[in-house]
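S.K.: predicted model and sequence below, questions to follow.
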Amino acid sequence: MPSPLKLRFGTDGWRGLIARDFTFENLRRVVRAVAATFRATYPDRHPLLLAVGYDTRFLSRRFAEVAAEVLHSEGIDARLTTSYLPTPVLACAVPYLTAQGGLMITASHNHAGYNGLKIRIADGGPATATLTGQIEAEIRRLVTDPLVDHDVSHGGTPRSVGQTIEGTIEPFDPFPLYRQRLRALVDLETIARSRLRVVIDPMYGASQGLVAGILRAIGLEVLELHGEVNPWFGGVPPEPLAEHLCELADRIKGLKDARAIGLAFDGDGDRLAAIDENGSYVTPHQIFALLLRHLVTRRGLAGMVVKTVSTTMMIDRLTERYGLPLTVTPIGFKHIAEIIRRGSFLIGGEESGGIGVAGHIPERDGVVSALLLLECLAIEGKPLGALLCDLEAEVGPHCYRRLDLAQASVGERRELEGRILDDPPARIEEWQIKEVQSLDGVKLVASDGSWLMVRPSGTEPVLRLYAEAPTLDQVSRLLAWGKAYVEGARW
């Protein structure tokens with residue numbers, strides 16, 4: 001087992017392989033460190049209140065019970081959700097409860113062997129880098145002090161559900177509050193009149209039943225795939241990529257209806273992808289651009305737009321067209337959340353499908369994104385594919401792909417990034433490189449706006465290559481060049 005000293009928070013929380021890294025013992029250590037850090041952050045608040053939720057993964061409920069039990073033993077008022085739920089539902093409940101934060105047991109889109117812990121702070125948004133750094137320091141202190149760490153190392157097995165909750169930990173149901181929040185954010189009446197036919201794929205994740213129930217309640221025809229608990233996720237990681245949504249695409253094709261749309265969510269429901277009426281995959285980049293366009297042209301809103309460095313140039317072109325300020329951040333919604341907290345914000349999004357909007361918590365929310373997309377379709381009165389054609393006419397064609405490679409060692413990654421930065425290529429085939437960016441990983445930007453980016457994942461043991469260009473053939477060639485370059489640099 002890896003040393004607890006190596007427990008680290010990545011792009012969004014701590015994740016690890018169940019029974020190897022993510023164990024009851026390590027979870028107890030991390031939650032004790034979380035408790036100590038929150039006590040130090042709120043020295044005059046007693047008792048502290050933290051909400052605890054969980055997804056549909058293997059042992060997630062039991063891990064959540066243990067987390068709540070540890071918080072209670074540390075003198076913190078813990079509220080445990082009555083069922084599995086998407087991360088944004090828990091996040092939305094945190095400020096409503098006037099809690100100081102929340103703990104969510106989830107590994108998001110990682111494959112079934114993983115579990116993890118996300119931390120939310122008082123406004124419902126992700127923990128800051130400063131806070132997670134303090135938690136990591138506290139973990140190291142716990143591990144290096146044998147007297148302090150004794151209770152964690154010999155904590156025994158978790159209590160039964162009844163023993164965990166009864167008399168100590170109060171259960172709560174955040175769904176009524178969340179549904180009320182959705183009604184304030186989205187025009188459900190307009191969606192109800194649209195007669196859209198919606199097929200939903202929660203990918204066996206925590207959003208199952210939620211969106212389908214909301215849409216059925218307003219009278220839409222809805223079919224939900226994979227809407228049951230399956231900790232193996234059907235053998236497919238719960239990440240809404242095109243290659244994982246073939247069944248959803250086939251169902252949409254089979255309807256042969258211009259009113260049809262497919263919606264897919266990742267394992268903890270904070271990210272969205274879509275399938276248009278023709279069965280074609282709609283990328284998170286395109287969804288982000290459509291929602292930005294909708295908020296500005298149909299709702300008449302304005303404000304700061306935020307994107308991560310790996311997100312489409314369509315956002316740059318739309319913000320320039322609309323005269324809106326644009327901020328580019330490193331990868332990870334926590335960086336977007338920091339901009340949201342400053343105010344005058346409109347929308348923020350990332351390559352992986354996480355989008356946050358003004359008027360909501362500083363958090364990505366796949367359910368809100370999905371309902372806003374349906375609102376956009378209802379108001380425009382056009383199929384999703386037609387809206388994408390309108391978007392392309394406005395900003396030009398933009399094709400995108402991501403390629404994941406086996407993770408290099410830390411030393412090899414540093415050598416690779418240093419090599420590109422020290423001696424960047426002047427050209428990649430016919431593309432002249434005009435800019436080399438190092439905000440997060442290394443991004444090579446060509447004179448026509450096409451780009452190639454190399455970056456190690458913050459949540460999985462892979463090296464990611466990202467590329468965007470006007471055609472898929474050009475994207476494939478950029479990725480092929482990047483793969484050859486990376487393998488040449490490593491070997």
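M.R.: Cool, the structure landed. Numbers count the residues shown, from 1 in each chain.

S.K.: so which helix or strand of the chain has the lowest pLDDT on average?
M.R.: None of the helices or strands of the chain scores lower by mean pLDDT, DSSP states H and E than helix 161-165, at a mean of 39.

S.K.: the following helix or strand past that one packs against which elements?
M.R.: Once the chain leaves helix 161-165, the next helix or strand it forms, by DSSP states H and E, is strand 170-172. Using 3 or more C-beta pairs under 8 Å, 6 or more residues apart in numbering; DSSP states H and E as the contact criterion, the elements in contact with strand 170-172 are strand 77-81. In short, each C-beta sits where N, CA and C put it, glycine included.

S.K.: strands paired with the strand it packs on, and their directions?
M.R.: Each strand pairing with strand 77-81, determined using DSSP bridges, is listed with its direction: strand 49-54 (parallel), strand 170-172 (parallel).

S.K.: ranges for the helices of the stretch 201-350 of the chain?
M.R.: 210-217, 246-255, 284-297, 314-322, 333-340 (DSSP state H, counting those that start in this stretch).

S.K.: could I get the ones you listed in JSON lines, plus columns for distance to residue 132?
M.R.: Below are these laid out as JSON lines (distance: least, C-beta to C-beta, whole Å):
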{"stretch": "helix 210-217", "distance to residue 132": "28"}
{"stretch": "helix 246-255", "distance to residue 132": "34"}
{"stretch": "helix 284-297", "distance to residue 132": "25"}
{"stretch": "helix 314-322", "distance to residue 132": "27"}
{"stretch": "helix 333-340", "distance to residue 132": "8"}
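
S.K.: for residue 20, which of those is the nearest?
M.R.: Between residue 20 and these, the shortest gap by C-beta to C-beta is with helix 333-340, which sits at 25.8 Å.

S.K.: extract the CA atoms of that closest one and return them as PDB.
M.R.: The C-alpha trace of helix 333-340 is given here as PDB (Å, rounded to 0.1, in the frame of the first residue of the first chain):
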ATOM      1  CA  PHE A 333     -13.100  23.800 -12.100                       C
ATOM      2  CA  LYS A 334     -11.700  25.100  -8.800                       C
ATOM      3  CA  HIS A 335      -9.800  27.800 -10.800                       C
ATOM      4  CA  ILE A 336     -13.100  28.800 -12.500                       C
ATOM      5  CA  ALA A 337     -14.800  28.900  -9.100                       C
ATOM      6  CA  GLU A 338     -12.200  31.400  -7.900                       C
ATOM      7  CA  ILE A 339     -13.300  33.800 -10.700                       C
ATOM      8  CA  ILE A 340     -17.000  33.200  -9.900                       C
END
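
S.K.: what's the average pLDDT for that helix?
M.R.: For helix 333-340, mean pLDDT rounds to 94.

S.K.: and for it, what's in contact with it?
M.R.: With C-beta atoms under 8 Å, 6 or more residues apart in numbering as the contact definition, helix 333-340 has outside contacts at 11-12, 125-129, 304, 306-308, 327, 329, 345, 348-350, 354, 356, 362-364.

S.K.: apply 6 Å and report the result again.
M.R.: 125, 126, 306, 327, 329, 348, 350, 354, 362, 364 (C-beta atoms under 6 Å, 6 or more residues apart in numbering).

S.K.: for stretch 364-378, same thing?
M.R.: Outside stretch 364-378, the residues within contact range by C-beta under 6 Å, 6+ apart are 88, 185-187, 190-191, 194, 211, 263, 265, 269-272, 291, 294, 333, 354-356.

S.K.: buried among those residues? Make that a ChimeraX selection.
M.R.: Buried members of the contacts of stretch 364-378, defined by 16 or more other C-beta atoms under 10 Å, are picked up in ChimeraX with:
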select :88,185,186,187,191,194,211,263,265,269,270,271,272,291,294,333,354,355,356
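
S.K.: now, the contacts of stretch 364-378 that are in strands?
M.R.: In this view, the contacts of stretch 364-378 that belong to strands under DSSP state E are 263, 265, 272, 355, 356.

S.K.: and the pLDDT at the first one?
M.R.: Put plainly, it is residue 263. The model's pLDDT for residue 263 equals 98.

S.K.: would you check that it makes contact with residue 201?
M.R.: No. Contact between residue 263 and residue 201 fails when scored by C-beta atoms under 6 Å: they sit 7.3 Å apart.

S.K.: what comes up buried for stretch 251-264?
M.R.: Within stretch 251-264, judged by 16+ other C-beta under 10 Å, the buried ones are 251, 252, 255, 258, 259, 260, 261, 262, 263, 264.

S.K.: wait, what's in contact with the second one?
M.R.: Right, residue 252. By C-beta under 6 Å, 6+ apart, the contact set of residue 252 is 199, 260, 262, 275, 279.

S.K.: now render the residues you listed as a markdown table, adding distance to residue 369.
M.R.: A markdown table is the format used below for these (distance: C-beta to C-beta, whole Å):
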| residue | distance to residue 369 |
| --- | --- |
| 199 | 17 |
| 260 | 19 |
| 262 | 14 |
| 275 | 15 |
| 279 | 21 |
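
S.K.: of those, which is the nearest to residue 285?
M.R.: Nearest to residue 285 among these: residue 275, at 15.1 Å, using C-beta to C-beta.

S.K.: what sits closest to the closest one if chain neighbours are left out?
M.R.: Among residues not flanking residue 275 along the chain, residue 262 sits closest, at 3.1 Å (C-beta to C-beta, 6 or more residues apart in numbering).

S.K.: what's the end-to-end length of stretch 49-62?
M.R.: 20 Å (C-alpha to C-alpha, to the nearest Å).

S.K.: list the contacts of that stretch.
M.R.: With C-beta under 6 Å, 6+ apart, stretch 49-62 has contacts from 64, 67-68, 71, 76-81, 84-85, 90, 93-94, 99, 101-106, 115, 158, 205-206, 229, 231, 268.

S.K.: same check on stretch 30-40?
M.R.: Contacts of stretch 30-40 with the rest of the structure, by C-beta under 6 Å, 6+ apart, involve 48, 67, 70, 71, 74, 76, 100, 134, 135, 138, 139.

S.K.: could you single out the nearest of those to residue 476?
M.R.: residue 135 (41.3 Å).

S.K.: list the helices and strands the helix or strand encompassing the closest one packs on?
M.R.: Take DSSP H and E as the rule and residue 135 turns out to sit in helix 129-144. On a contact count with 3 or more C-beta pairs under 6 Å, 6 or more residues apart in numbering; DSSP states H and E, helix 129-144 meets helix 24-41, helix 146-153.

S.K.: buried residues in that helix?
M.R.: When neighbours are counted by 16+ other C-beta under 10 Å, the buried residues of helix 129-144 are found to be 131, 132, 134, 135, 136, 138, 139, 142, 143.

S.K.: by pLDDT, give me the weakest of these.
M.R.: residue 143 (86).

S.K.: contacts for stretch 122-136 next, please.
M.R.: 9, 12, 33-34, 37, 91-92, 94-95, 100, 119, 121, 334, 337, 361-363.

S.K.: report the buried members of those.
M.R.: A residue is treated as buried here by neighbour count (16+ other C-beta under 10 Å); on that basis the buried members of the contacts of stretch 122-136 are 9, 12, 33-34, 37, 91-92, 94-95, 100, 119, 121, 334, 337, 361-363.

S.K.: narrow those residues to those in strands?
M.R.: Cross-referencing these against strands under DSSP E gives 119, 121.

S.K.: low-confidence regions, the protein specifically.
M.R.: Counting by pLDDT under 70, the chain contains low-confidence residues at 1-6, 146-167, 408-411, 413, 458-460, 489-491.

S.K.: okay, domains of it per the record?
M.R.: Listed domain ranges for the chain are 4-174, 186-395, 399-490 (source: automatic domain parsing).

S.K.: can you redo the ones you listed as a markdown table with distance to residue 180?
M.R.: Supplementary listing: the domains of the chain in a markdown table, determined by distance: least, C-beta to C-beta, whole Å:
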| stretch | distance to residue 180 |
| --- | --- |
| domain 4-174 | 10 |
| domain 186-395 | 11 |
| domain 399-490 | 32 |
